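Visitor: With the sequence up front, the predicted model follows.
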Amino acid sequence: MKGMKGVTLIVIVISCCICVFSKLELINNGYEGLYIVIGPEVKENYSLVSKIQAIITNASRLLFKSTKQRAYIRNVTIIIPKTWSRKLAGSVISKPSSLDSEYILIDNPSSQYGRDPYVEGVVECGKPGKFMHLTPELLLMEDAEKTYGPWAHMFVHEWGHLRWGLFDEYKVFLKRASSILNPYFYLDTVTTQYEPVVCTKNIKGQALVNCDTTKPCDLSKVNYLLPSECKYCPVGDQTAPVSLMGHSYITSVENFCDNDTVDDFRHLTTIPSAQNVNCDHKSTWEVIREHTDFQGRNYAAAKSIDTTPIFNIAYSGSKVRAFVLDVSGSMADIISSSGMPRIAEMKRTAQYIIDVLIQDSSFLGIVSFSSSAQILASLTDIKNDTNRQNLKNTIMSLTTGGGTGIGLGLLKAKDLFVASGKGTRESEIILITDGEENVAPYIANVTDVLIKAGIVVHTISITQDAQQNLKDLAQATGGTSLTFLEKQSVSFIDVFSQVIISGDAIPDTNSPETIISYSKSAKANENYTEQFVIDYGLGKHTMLTVTSSSSSSPVIVTVVCPDRNKTHSTITSTGTLNIACGNNGTSTMPGSYSYSLSSAGATNYNVYVTSSPRGLNADVIRARCWLSDTDIDFTSPSTIRLYVDVEKGRSPVLNAIVTGMLIRGNGSSVNLTLHDTGKGADLMENDGLYTTYLYKNYFTDNGRYNMKIRVSSDGGTVTYSTASGQRAPIVPGADEHRSYMEPIQPFMRSIIPNEFVVKNYISSAKDTSPPDAITDLRITNATTKAVLLKFTAPGEDFDLGQAQYYEVRASTSINTLIVDFDSGTLINTSNIVPNASGETEQIIFEGSKPGSSNAEEIWYLGIRAVDRNNNKARVSNIVTLGRAASFSITDTFNVLVYPGQEQEVNTLGTTIIIVVVVVVAVLLGIVIGGLFLYRKINRPGQEDMIDNETAMKPTSHFNCSMTELVTQEDTYVTSDPVNHNVSGVSNEEYSNTRMF
């Protein structure tokens, strides 16, 4: 391949004592701790390893140049599946669990992107993504550069998403799906023509049909909706140096745009790109400069530095874990929700974990600590039920007494790993404790030792009283931190299970899923019945587990299978049923199940159903969740977002029902609903990432909080694929991946996020939360007399409640609205009462007299919501409109809203004659004033259709006729230039070709 010749590949293998876990970080200009993980289902092919090394080597060189000699990739660890033969020398490490973001995954394609490179989890400007996805097919393509451009350019483009949270600059940002928009062009009022979405005007190109023909697209016909076949096609010799987040496939592009006075590098703030929309019009280099990589260390290294990375090879091995269990005196305290001592709850939970979730061929040891620490069970290779029973017997022998020596227990676990000969790198400690440490050495004394050994520590805190720096320990070592607050809603099994299940960055084909986790308080002899679903991706080792707070009254459990066969069992305290309906008992048939519980005595139940995949990972629906920050500080104005990513294989799942329950310290709860609608907290519609805010009024005190999330579907949901998302641009004219959708069957999942902690709680805190920014402002209709604005209403606090009023300003300079919105001309909208959050706003601006058909000035318009405490939202996306010459700024016009009152106001007198595509916007509709009306290709009644009956009849001051504002009801604009005319525009052959 081009650009790959002359690269000497050196595989450097280092021993376990040197190659230790580390988060990706920039140290003295070099990135360290980059992991590349080859997925477990990728077929063995060591050519992949060679290609990866070649790509990273060249990319490191380009990264150094593009960051002005400030960063390159110093070392890389490539983790090879344990199913591959060991042809290369390398260490064997426990299957990595410490990767939760900023790694590279080599795995099979998804329906959404096919083989195209992309980064998942880019949700905020400047915040890192989860992982970069590359496919084996792409890596082994001989002619990949014909489609994606130079490999190094493609990689640095994706690195911008992954590390720095940059967004694309080569297409229009669509917050919500639009099937009618050509995303590679926008309508510019200054030129009154379609212009390409670029970061710089220095790229030379043409608008052609599919780029593989000489047939041009006429960009001068502003009354015409560009067909999707029109592409922006760079032509001739290119010398433009920017931007790598735009047209990175151009060889000369080796830098990022900047807010520079030098024209070659100057960022265009008015282009409606994803970068401008999501990063407040900042250039990519501005965002990079503000990243923690470069804050306070903006120095350049010598040009002569060797940027060739050191490659470490590691083979993924079996899981190696140690339970480090607190047996201090306080573990004898009683748990209010179950009536059991903490030590007893820990015992039965650990038994459940060993029975149900610890997989065969993994290793487990047990350490206890109080005033001293002991190894109770050396690392055991779990191969059969006998191994499991021996470990459970060890757990059951635990007794309480003494102080709390957490550091002692951690060091003893390290000794256990070393003595086993398995090494320490990526070995996992699961630490469970309920108190504050009072025996040296302390956590602070041993953290560096654990980090250097590469040990991952997961922590489970029992109650609010547990050591407060447990979360810091988990974060420092790459582990997870969770809390059991002794409330029934989130049980000890919930918490412990999540540590085990979420510990796999790339799940094995037999990694179990939690289908349901329910809690119920039952009276004596009360029959409790619920249902659950086993979907087609699961069915192996399906287990139903019941725990009861009463050991004196047996619980009768009945499970009814889809074929109506029944399974009965009687348990005391804790019991697990192996469900094997159908398939000769080898696996569980898919379908709807029910279970019933009854007991002669009153009790509290907890019910869990888990199941493992019956086949490939690509068939498994998985949900994972995280928070934008795990510290909720009442002194900060920011609000935390909760994200739940739902995928089937690597394809997003749409239309799922995602709900959460936030459990407060006092036992009360808040119910949450997450959305994938592109509204409010959600960045983009239909990407499978469901989002909501966690508002500060949800919390009642300082301390740790719990949450349980349920994901389900009743069928008819689809896996989705589209051109949205942060993926590499392709060379115009190359074959594009055609995404597809497929139905999936009903499913259910239960997950919990890492613990999160409230700090500096104030019960009567001053309201500092502004409304959400409006990001979908658009002009959906216009004539020579009036214009209709539409957008989604934000809330009083972000997307909650109802804003107090809207502040609308206009200017002939877009920079005025971007840099100093308050200096724009204020439009009086005092008669408008904002709708509730999420509802559609429709505002009509009507002129007092007809205007001419030629606009002499270009006006830009923006809006922001204000709450009752005068907290102001960020300025909306900016829309562009033409202003008729016959109207002056003092003309009177009407501001009308439906529903609402009408009122004449003396303010910015504008009659709109040309409506232009949103300049920095979410584009959902295009309407050219007086020339054509965009009608969404849906049936009447859809949200984005203008409702003639309701929107126009109440407006008595609206003087233009219905046909002026809205053309005939059955007129639709399509992207077909041959079969459809638009408002009398002929379908003549395009002849107007223009170079950019």
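Guide: Received the coordinates, thanks.

Visitor: Stretch 374-394: which residues count as buried?
Guide: Buried residues in stretch 374-394, defined by neighbour count with 16 or more other CB atoms under 10 Å: 375-377, 379-380, 382, 387-388, 391-392, 394. Any C-beta I mention is one placed from the backbone N, CA and C, and that applies to glycine too.

Visitor: pLDDT of it, averaged?
Guide: For stretch 374-394, the mean per-residue pLDDT is 96.

Visitor: quick one on the thing from earlier: can you lay out the buried residues of stretch 374-394 as JSON lines showing secondary structure and distance to residue 537?
Guide: Formatted as JSON lines, these follow (DSSP: H, G, I helix; E, B strand; the rest coil; distance: CB to CB, whole Å):
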{"residue": "375", "secondary structure": "strand", "distance to residue 537": "39"}
{"residue": "376", "secondary structure": "strand", "distance to residue 537": "37"}
{"residue": "377", "secondary structure": "strand", "distance to residue 537": "34"}
{"residue": "379", "secondary structure": "strand", "distance to residue 537": "32"}
{"residue": "380", "secondary structure": "strand", "distance to residue 537": "31"}
{"residue": "382", "secondary structure": "coil", "distance to residue 537": "25"}
{"residue": "387", "secondary structure": "helix", "distance to residue 537": "29"}
{"residue": "388", "secondary structure": "helix", "distance to residue 537": "26"}
{"residue": "391", "secondary structure": "helix", "distance to residue 537": "30"}
{"residue": "392", "secondary structure": "helix", "distance to residue 537": "30"}
{"residue": "394", "secondary structure": "helix", "distance to residue 537": "35"}
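
Visitor: Can you tell me which of those residues is closest to residue 345?
Guide: Taking CB to CB as the measure, residue 345 sits nearest to residue 392 out of those, at 15.0 Å.

Visitor: how near is the closest one to residue 510?
Guide: Taking CB to CB, to the nearest Å as the measure, residue 392 and residue 510 are separated by 21 Å.

Visitor: if we can go back for a sec, out of the buried residues of stretch 374-394, which two sit at the greatest distance?
Guide: Greatest spacing in these, by CB to CB: 375 and 388 (18.6 Å).

Visitor: Next, the distance between the ends of stretch 607-621.
Guide: Distance across stretch 607-621, first residue to last, is 21 Å (CA to CA, to the nearest Å).

Visitor: buried set for that stretch?
Guide: Residues of stretch 607-621 classed as buried: 607-614, 617-621 (neighbour count, 16+ other CB under 10 Å).

Visitor: Out of these, which is nearest to residue 828?
Guide: Looking across the buried residues of stretch 607-621 and measuring by CB to CB, the closest to residue 828 is residue 621, at 51.6 Å.

Visitor: does the closest one have beta-bridge partners, and which?
Guide: On the basis of DSSP bridges, residue 621 is bridged to residue 648.

Visitor: mind listing the strands in the stretch 301-450 of the chain by residue range?
Guide: 310-317, 320-326, 363-369, 373-381, 428-433 (DSSP state E, counting those that start in this stretch).

Visitor: Format these as CSV; extra columns: distance to residue 647.
Guide: Converted to CSV, the strands of the stretch 301-450 of the chain look like this (distance: least, CB to CB, whole Å):
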stretch, distance to residue 647
strand 310-317, 21
strand 320-326, 26
strand 363-369, 29
strand 373-381, 32
strand 428-433, 24
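
Visitor: Going by mean pLDDT, which of these comes out lowest?
Guide: Of all those, mean pLDDT reaches its minimum on strand 310-317 (a mean of 91).

Visitor: Tell me which other helices or strands that one touches.
Guide: Judged by 3 or more CB pairs under 8 Å, 6 or more residues apart in numbering; DSSP states H and E, the packing partners of strand 310-317 are helix 47-66, strand 75-80, strand 91-94.

Visitor: Swap in 6 Å and give it another go.
Guide: strand 75-80, strand 91-94 (3 or more CB pairs under 6 Å, 6 or more residues apart in numbering; DSSP states H and E).

Visitor: Quick one: residues contacting residue 817.
Guide: Residue 817 is in contact with 811, 824, 860, 862, 878, counting by CB atoms under 6 Å, 6 or more residues apart in numbering.

Visitor: one more time with 7 Å
Guide: Contact analysis of residue 817 by CB atoms under 7 Å, 6 or more residues apart in numbering lists 809, 811, 824, 860, 862, 875, 878.

Visitor: Next, it: phi, psi?
Guide: Phi and psi for residue 817, reported as degrees, to the nearest 10, are phi -70, psi -30.

Visitor: just residue 644 next, same as before
Guide: Torsion angles, degrees, to the nearest 10, at residue 644: phi -130, psi 120.

Visitor: now it, which residues is it bridged with?
Guide: Judged by DSSP bridges, the bridge partners of residue 644 are residue 625, residue 690.

Visitor: Was I right to think it contacts residue 674?
Guide: Yes - in terms of CB atoms under 7 Å, residue 644 counts as a neighbour of residue 674; the distance is 5.5 Å.

Visitor: shared neighbours of the two, anything?
Guide: With CB under 7 Å, 6+ apart, residue 644 and residue 674 have common neighbours 658, 690.

Visitor: Among the buried residues of stretch 607-621, give me the pair with the biggest separation.
Guide: 607 and 618 (29.5 Å).

Visitor: closest to residue 197 out of the strands of the stretch 301-450 of the chain?
Guide: Closest of the strands of the stretch 301-450 of the chain to residue 197 is strand 310-317, at 37.1 Å (criterion: CB to CB).

Visitor: Output that closest one as CSV, restricted to C-alpha atoms.
Guide: Taking C-alpha atoms only, strand 310-317 is exported to CSV below (Å, rounded to 0.1, in the frame of the first residue of the first chain):
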residue,chain,number,x,y,z
ILE,A,310,7.9,0.7,20.9
PHE,A,311,5.5,-2.2,20.3
ASN,A,312,4.8,-4.7,23.1
ILE,A,313,3.0,-7.9,22.4
ALA,A,314,0.8,-9.5,25.0
TYR,A,315,-1.5,-12.6,24.8
SER,A,316,-4.8,-12.5,26.5
GLY,A,317,-5.0,-15.1,29.1
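
Visitor: from the middle of its chain, how far away would it be?
Guide: Relative to the centre of its chain, strand 310-317 is centred 28 Å away, using CA atoms, centre = their mean, to the nearest Å.

Visitor: Stretch 161-172 now?
Guide: Centroid separation for stretch 161-172 versus its chain: 14 Å, with CA atoms, centre = their mean.

Visitor: Could you do stretch 310-318 as well?
Guide: On CA atoms, centre = their mean, the centre of stretch 310-318 falls 28 Å from that of its chain.

Visitor: who's residue 514 bridged to?
Guide: Bridge pairing for residue 514 (DSSP bridges) gives the partners residue 610.

Visitor: Show me the helices in the stretch 251-400 of the chain, by range?
Guide: 274-278, 284-290, 342-352, 385-396 (DSSP state H, counting those that start in this stretch).

Visitor: Compile these into TSV and extend it with columns for distance to residue 369.
Guide: Shown next, in TSV, are the helices of the stretch 251-400 of the chain (distance: least, CB to CB, whole Å):
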stretch	distance to residue 369
helix 274-278	47
helix 284-290	44
helix 342-352	13
helix 385-396	14
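
Visitor: right, and the ones you listed - which one's nearest residue 89?
Guide: Evaluated over these, closeness to residue 89 peaks at helix 385-396, with 31.3 Å, by CB to CB.

Visitor: Show me what that closest one packs onto, helices and strands only.
Guide: Helices and strands in packing contact with helix 385-396 are listed as helix 342-352, strand 363-369, strand 373-381; criterion 3 or more CB pairs under 7 Å, 6 or more residues apart in numbering; DSSP states H and E.

Visitor: Pipe the ones you listed into TSV and attach distance to residue 309 per row.
Guide: Shown next, in TSV, are the helices and strands packed on helix 385-396 (distance: least, CB to CB, whole Å):
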stretch	distance to residue 309
helix 342-352	42
strand 363-369	32
strand 373-381	33
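
Visitor: For residue 150, find the nearest of these.
Guide: Of all these, strand 363-369 sits nearest to residue 150, with 44.2 Å by CB to CB.

Visitor: Thanks a lot, see you next time.
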